[in-house]
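Trainee: For reference, the sequence and a predicted model appear below.
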Amino acid sequence: MEKINVDYKKLYYGFPVILISFYDKDGNPNVTTLSSSYTLMDMVILGFGSNGYAVNQIKEVKDFVINVPDKSIMKEIDLCGAKSGHEYKKFDMVNLTPVKSKIINAPIIEECSIAIECTLTDVIERDYYRGITNIIAKIKGRCISKEYIDASGQLKYSEVDNVLYVGDDKNKVYRYTQSGISDDAKSFL
Ligand SMILES: Cc1cc2nc3c(=O)[nH]c(=O)nc-3n(C[C@H](O)[C@H](O)[C@H](O)COP(=O)(O)O)c2cc1C
């Protein structure tokens, strides 16, 4: 493949959209849209702009939930990623239902099929990445809606139907997966 050097300031090569929900310091549920995440074992890292409401509340309250939405709630995804909790209680503006987690002090979003319950352990802010706050969190629990679990208790892998965020410094788009289309890992060996 012949390649061209580009001078994009950003290149999002397809990150799953997630909704981060939490109770703020006053106990009000709030939520923000995120795409910057990765997880290994019982650890997850999220990347935020340092001035956002969610990250600054989570730095204090510690507990939050990563909710994985599908394309049935695109308006909610867009809105929670456009308005700030500095000004709005976003659960009052969208059709999302916060339900308290049984194991941490944070709300799970009823309308999302996967929820990962987390507690913050580390905050990473560096002068040479000014404006970015990365947080590391411990995964305390995982909840999956029954439709996503097969008779043997495993995830129905090919049904996971999350939304990907793809783009560059000019524009970003949502990309959708097609349920039922998957191949087993190592099946090409
Ligand atoms: C699809 C999508 C993905 C986003 N990903 C991120 C992200 O990874 N990190 C971030 O800081 N903001 C991200 N944003 C922007 C925030 O959601 C937005 O700035 C929001 O208003 C912050 O809300 P808050 O101040 O209540 O935290 C994303 C927005 C959208 C729509």
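Mentor: Yes, it's here. Numbering: from 1, shown residues only.

Trainee: quick one, helices of this structure?
Mentor: 53-61, 74-80 (DSSP state H).

Trainee: Among those, which comes closest to the ligand?
Mentor: helix 53-61 (3.3 Å; Cβ to the nearest ligand atom). Backbone N, C-alpha and C define where each C-beta goes, glycine included.

Trainee: Can you confirm whether the closest one lies near the ligand?
Mentor: Yes - using Cβ under 6 Å from any ligand atom, helix 53-61 reaches the ligand at 53, 54.

Trainee: List the buried residues for that helix?
Mentor: 53, 54, 55, 56, 57, 58, 61 (16 or more other Cβ atoms under 10 Å).

Trainee: Could you export the residues you listed as CSV, including distance to residue 108 and pLDDT?
Mentor: Output for the buried residues of helix 53-61, formatted as CSV (distance: Cβ to Cβ, whole Å; pLDDT from 0 to 100):
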residue, distance to residue 108, pLDDT
53, 19, 98
54, 16, 98
55, 19, 98
56, 22, 98
57, 17, 98
58, 15, 98
61, 15, 98
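
Trainee: and which of these is nearest to residue 176?
Mentor: residue 54 (24.8 Å; Cβ to Cβ).

Trainee: returning to what we had before: would you turn the buried residues of helix 53-61 into TSV with distance to residue 135?
Mentor: What follows is the buried residues of helix 53-61, written out as TSV (distance: Cβ to Cβ, whole Å):
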residue	distance to residue 135
53	14
54	10
55	7
56	11
57	12
58	7
61	12
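
Trainee: quick one, what contacts residue 169?
Mentor: Residues counted as contacts of residue 169 (Cβ atoms under 8 Å, 6 or more residues apart in numbering) are 8, 9, 10.

Trainee: for residue 75, same thing?
Mentor: Contacts of residue 75 (Cβ under 8 Å, 6+ apart): residue 94.
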